[in-house]
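>>> Give me a 3D structure for the following:
(chains A, B and C, ligands or ions: 2)
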Amino acid sequence: MQKKTTILQLRNYLVATVQTTLVDQDFITLRDRLVSQVGNSRCTGVVLDVSELDVLDSFCVRTLSDMARMIRLRGADMLIVGIQPGVAFSMAQLGLDLDGVPTALDLDEGLAYLDSKSRRSSGRIPAWH
Amino acid sequence: MSTSNEKFDSPLSDLELPTAIEPPADRASTAILREIVAHLRQRRAQLLEAWASRISEAGFLTAMSAEEVLEECGAMYDNYLAAVETGSSKSLDSYAHELSERTVTRGVGTHEVVGTVLLLRDVLAKSLYAEYGQNQDNLTRVLGAYGPAASRIATMVAVGFVREHEHIIRQQQEAMRKLSTPVLTIHERLLILPIIGILDPQRARQLTEQLLEAIRSNRAKVVVMDLTGVATMDAPVANNLVQTVGAARLLGAEVIITGVSPELARTLVTIGVDLEKLATVGDLRGGIERAARLLGYKVVPIDETTTDTATE
Amino acid sequence: MALKDSMRPSELPGDNRAGTAESPVTQRIRIDAIPDIVTARQHGRELADRYGFSETQATLIATVISELSRNMVLYAQGGTISLRMAHGNPSVGVVIRAEDHGPGIPNLDRVMMGGYSTSGGLGLGLCGVRRIADEFRIDTQEGKGTTITVTKWSE
Ligand SMILES: Nc1ncnc2c1ncn2[C@@H]1O[C@H](COP(=O)(O)OP(=O)(O)OP(=O)(O)O)[C@@H](O)[C@H]1O
Ligand SMILES: [Mg+2]
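Ligands and ions are numbered 1, 2, ... in the order given. The predicted structure is shown next:
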C-alpha cells in the first residue's frame, strides 16, 4: 500500500506530510507513529503539513489537537501548517478550535516558528557545560 | 465496506437539462433517423449555404464575420446531425457550451443563437420534405422522428447558451464586488483592508475569500482591517467577520480590527464575541503601529526632533 | 411517536427565493463505513465545482457532508447521502440530505446547543453544520431515524 503520510527528520524536527485524503484510521496511525518517533529521535518540534487535506471536520480537528497534546507530553511542540483557506474558514464556521496548537502558512513558516521558539527558550536557560 | 452508489460512475450527467435527448424509442425510428442523417450529410454543402443565407436575411450573428459564421455553422451542423443520429446530447452539450463561450462576450444575443438553431431545424425539415414529400406515409414517419429530436436539440442549445450567459454575468458581478474592497500591501507581510459601505452577506463572503487568499499569496503575518467606513452590520455578517479572523489565524496571520463604530460594538457584544480572539485598536493609525510591533518594527519619526504630527 | 422537531434558521435578510425549483436527485451515496464519507464528500465538492461555487463554498459543502455522514456511521449504522441542485434566483444551491433509520436523536434541543456528545466527541458537528447551512431542517423520530436537509446557496 502506498504511504499516505511521510515522516522525515530535519535537524531536530520531525516533518510529517500528509500525501492524500486520510480516513479516520489513518489519523490514528499517523498519531501513533509521530508520538512514538518523537521520543526516539530526541526531537523538539513536529511540523505537520496538511495542505493536501480538503476537509478538516470535527473528528479530524479533535484528533489533531489530541495528537499535539500527546506530543507535548513527550517533550516536543507540534505545529500545523498548510491549512487551505477554504478549510480554515470551514473550521471557523464549525466552531472548531485547534485548542492552542500553533499554525503557520507553510513548512518554511513553520520551521521558522520552531527555530525562533527554540532560540528564545535557549536564551532564557543558561547553557549546561 | 459495501457501497451501492447509484450513478456512481457517471459524472453528474445532464443535470438541469430536462430536454436531454432520449434515445429513439425503437429500432424502426433509429433506422429512420439514420437514413435522415445520411441524406442530410450528403447535402451538407447546399444546406449549409441555404442556412447561412437565411441567417443573414434574419440579421442574426452580425457581430461575426462571414467566414466565422460559415465556420460556426459547419461545426453546428455536424454536431447537430451527430445528436440526431446517436440521440446522445454529450457532444452537442459541450458544443453549446463552447459556442456560448465564444459568442457571449462578443455581444451575440440569446435570440440570435436560438433563432439560428431554429433556422437550421427549418432548413433541414424543408430538405426532408422535398426528399420524402411524394409519399405521404414516408413523410409522416420521417418528420415524426425528426421533429421531436430537432426541438429537443434547439431547446438544449438555448438552455446551454442562457446558462453560460448567466455564468458570465455572475463572474462580472463578482469582479465588480472585488474592486469595491481593495486589499493593500503596505509592507512586506502586512495587509491593510479598508472596508467602506454596506457589508451584506454576499460581500462578506467575498471579503472572507479575498482576505484569506491574499494572506496566502502575500504570506502576510498581520492584517489590519479598518471598519471606519462601516456604520453597522447585522449579526450574521458580524459572525462571519469573527470567523474570518479565526480562519486567518489558522493560516498564521493575526487580524487587527480598527474603527469599530458604537453600533458595531453593540452587535459584536450581542452575538457574544470572545474578545480574546479579536484584537481591536481604536483607529487605523493605532492599528498599523500595533501591526508594526507585531512584525518587530517600530514606527518612529525620521528626524527624532520633529514632533509626532510629522508622521501623520 | 410524533415528529420531534423541525427547525429552520431565521430567514436571511433579503432572502426572497420564492419559487425556487429543485432538480431530481443527482447522486445517492450509501454510507456504511468510514471510507464512504470520503466518497460522499468528493461527490459534493465535484457538484459544487461544476456549478461555479467558490473553493471556500465547495469546502463548506464537503465539510457538511463529512459531519453528517460520520454521524450516520457512528450513531445510526449508516444511511444515505443524497445530493441535488436547487435553482433560485440569482443563485444555485446544493441540497444535501442525510437520511438514516437509526435510533433518532431524543434530546435534539440539547444536541443543537452544541458541546453534547454521546461518543466522546466535541459535540460540535450538528450545531456547526447548522451554522454553515443557509437552510437547515432536521426531522428525527425516536426509534425510526433521522433526516437532515441542508441547503447551501452559491450567493
Ligand atoms: N444520525 C444520528 N442518529 C442518532 N443520533 C445522532 C445522529 N447524529 C447525531 N446524533 C447524536 O447527537 C450527538 C451530537 O452530534 P454531533 O455531530 O453534534 O457531535 P458528535 O458527533 O458527538 O461529535 P463531533 O463534534 O465529533 O461531531 C451525538 O453524540 C449523537 O448522540
Ligand atoms: Mg458528529
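>>> Report whether stretch C:61-79 contacts chain B.
No - residues of stretch C:61-79 are not located near chain B by C-beta under 8 Å from any C-beta of the partner chain, the shortest gap being 9.4 Å. (Glycine included, C-beta is placed from N, CA and C.)
>>> Report the buried residues of that stretch.
C:61-76, C:78-79 (16 or more other C-beta atoms under 10 Å in any protein chain shown).
>>> and what of stretch A:7-15?
Buried residues in stretch A:7-15, counted by 16+ other C-beta under 10 Å: A:7, A:13-15.
>>> farthest-separated two in these?
Greatest spatial distance among those (C-beta to C-beta): A:I7 and A:Y13, at 10.7 Å.
>>> then stretch C:124-140 to CSV, C-alphas only?
The C-alpha trace of stretch C:124-140 is given here as CSV (Å, rounded to 0.1, in the frame of the first residue of the first chain):
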residue,chain,number,x,y,z
LEU,C,124,-19.9,20.4,17.5
GLY,C,125,-20.9,18.6,14.4
LEU,C,126,-24.6,19.3,14.2
CYS,C,127,-24.6,22.8,15.5
GLY,C,128,-21.7,23.6,13.3
VAL,C,129,-23.5,22.3,10.3
ARG,C,130,-26.4,24.4,11.2
ARG,C,131,-24.2,27.5,11.2
ILE,C,132,-22.7,26.6,7.8
ALA,C,133,-26.1,26.0,6.3
ASP,C,134,-28.2,28.6,4.6
GLU,C,135,-31.2,26.4,5.2
PHE,C,136,-31.3,23.7,7.8
ARG,C,137,-34.0,21.2,8.6
ILE,C,138,-33.9,18.2,10.9
ASP,C,139,-36.6,15.6,11.3
THR,C,140,-36.0,12.9,13.8
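>>> Counting only helices, which of the buried residues of stretch C:61-79 make the cut?
Counting by DSSP state H, the part of the buried residues of stretch C:61-79 found in helices is C:61-75.
>>> from those, which are also near ligand 1?
C:67, C:71-72, C:75 (C-beta under 6 Å from any ligand atom).
>>> quick one: which of those residues is nearest C:F136?
Set against C:F136, the nearest of those by C-beta to C-beta is C:E67 (12.1 Å).
>>> Which parts of whichever helix or strand B:V69 is part of count as buried, going by neighbours?
Using DSSP states H and E, B:V69 falls within helix B:66-86. Using 16+ other C-beta under 10 Å as the burial criterion, the residues of helix B:66-86 that qualify are B:69-70, B:72-73, B:76-77, B:79-86.
>>> neighbouring contacts of that helix?
Where contact means C-beta atoms under 8 Å, 6 or more residues apart in numbering or on different chains, the residues beyond helix B:66-86 that reach it are B:21, B:33-34, B:36-37, B:40-41, B:44, B:47-48, B:51-52, B:55-56, B:61, B:64, B:88-89, B:91-92, B:95, B:99, B:102, B:116-117, B:120, B:146, B:149-150, B:153.
>>> How about stretch B:185-202?
Stretch B:185-202 has contacts (C-beta under 8 Å, 6+ apart) with B:177, B:180-184, B:207, B:211, B:214-215, B:218-230, B:233, B:236-237, B:240-241, B:284, B:288, B:291-292, B:295, C:12-14, C:155.
>>> at 6 Å what do you get?
Identification of contacts with stretch B:185-202 by C-beta atoms under 6 Å, 6 or more residues apart in numbering or on different chains yields B:183-184, B:214, B:218, B:220-227, B:229-230, B:233, B:237, B:291, C:155.
>>> Now do that stretch, average pLDDT.
Average pLDDT, stretch B:185-202: 86.
>>> go on, stretch B:70-87?
The average pLDDT for stretch B:70-87 rounds to 84.
>>> Kindly report the same for stretch B:125-133.
Here stretch B:125-133 scores 88 as its mean pLDDT.
>>> try stretch C:31-50
95.
>>> tell me the pLDDT at residue 67?
Reading this off chain A. The predicted local confidence for A:M67 is 94.
>>> my question was about chain B
The model's pLDDT for B:E67 equals 87.
>>> what ranges do the helices span in chain C?
Under DSSP H, chain C gives helices at C:34-50, C:55-75, C:108-113, C:125-132.
>>> ranges for the helices of chain A?
A:24-40, A:58-73, A:85-94, A:107-124.
>>> Quick one: list the elements packing against the longest one.
Read that as helix A:107-124. Helices and strands touching helix A:107-124, by 3 or more C-beta pairs under 6 Å, 6 or more residues apart in numbering or on different chains; DSSP states H and E, are strand A:45-49, strand A:77-81.
>>> returning to that earlier point: state the mean pLDDT of the following helix or strand past the helix holding B:V69.
Heading C-terminal from helix B:66-86, the first helix or strand you meet, by DSSP H and E, is helix B:90-104. Helix B:90-104 shows a mean pLDDT of 74.
>>> residues in chain A within reach of ligand 1, list them.
So far as C-beta under 6 Å from any ligand atom goes, chain A lies against ligand 1 at A:58-59.
>>> 8 Å instead?
By the rule C-beta under 8 Å from any ligand atom, the part of chain A lying against ligand 1 is A:57-59, A:62.
>>> that older thread, just the ones in strands from the contacts of stretch B:185-202, please.
Mapping the contacts of stretch B:185-202 onto strands (DSSP state E) picks out B:184, B:222-227, B:229.
>>> measure the residue in chain A positioned nearest to ligand 1 to C:P90 for me?
Closest to ligand 1 within chain A is A:S58: 3.5 Å, counting by C-beta to the nearest ligand atom. When distance is defined by C-beta to C-beta, to the nearest Å, A:S58 is 33 Å away from C:P90.
>>> quick one, domains of chain B?
Taking automatic domain parsing as the reference, chain B has its domains at B:12-175, B:184-311.
>>> quick one: the shortest one to chain centroid distance?
Right, domain B:184-311. 30 Å (C-alpha atoms, centre = their mean, to the nearest Å).
>>> Chain B: helices as residue ranges?
Remark: helices assigned in chain B by DSSP H are B:27-42, B:44-58, B:66-86, B:90-104, B:110-132, B:136-179, B:201-218, B:235-250, B:262-270, B:284-294.
>>> residues in contact with B:R54?
B:L119.
>>> circling back: switch the buried residues of stretch A:7-15 over to CSV; also include distance to B:H167 and pLDDT.
Output for these, formatted as CSV (distance: C-beta to C-beta, whole Å; pLDDT from 0 to 100):
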residue, distance to B:H167, pLDDT
A:I7, 44, 94
A:Y13, 46, 95
A:L14, 46, 95
A:V15, 42, 96
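>>> where's the helix holding B:V69 relative to the chain centroid, distance-wise?
26 Å.
>>> next one: stretch A:11-24
Centroid displacement of stretch A:11-24 relative to its chain, using C-alpha atoms, centre = their mean, is 8 Å.
>>> touching ligand 2 at all, it?
No - figure legend: stretch A:11-24 not in contact with ligand 2 (C-beta under 5 Å from the ion); closest approach 12.0 Å.
>>> List the contacts of that stretch.
By C-beta under 6 Å, 6+ apart, stretch A:11-24 touches A:4-8, A:34, A:43-50, A:52-53, A:114, C:34-35, C:38.
>>> one more time with 7 Å, if that's ok
The contact list for stretch A:11-24 (C-beta atoms under 7 Å, 6 or more residues apart in numbering or on different chains) reads A:3-8, A:30, A:34, A:37-38, A:41-50, A:52-54, A:59, A:107, A:111, A:114, C:34-35, C:38.
>>> Narrow the residues you listed to those that are buried.
When those are checked for burial by 16+ other C-beta under 10 Å, the buried set is A:4-5, A:7, A:30, A:34, A:37-38, A:43-50, A:53-54, A:59, A:107, A:111, A:114, C:34-35, C:38.
>>> Give the bridge partners for the residue positioned nearest the centre of chain A, please.
Among the residues of chain A, A:L48 comes closest to the average C-alpha position under C-alpha atoms, centre = their mean, at 3.4 Å. Beta-bridge partners for A:L48, by DSSP bridges, are A:A16, A:I80.
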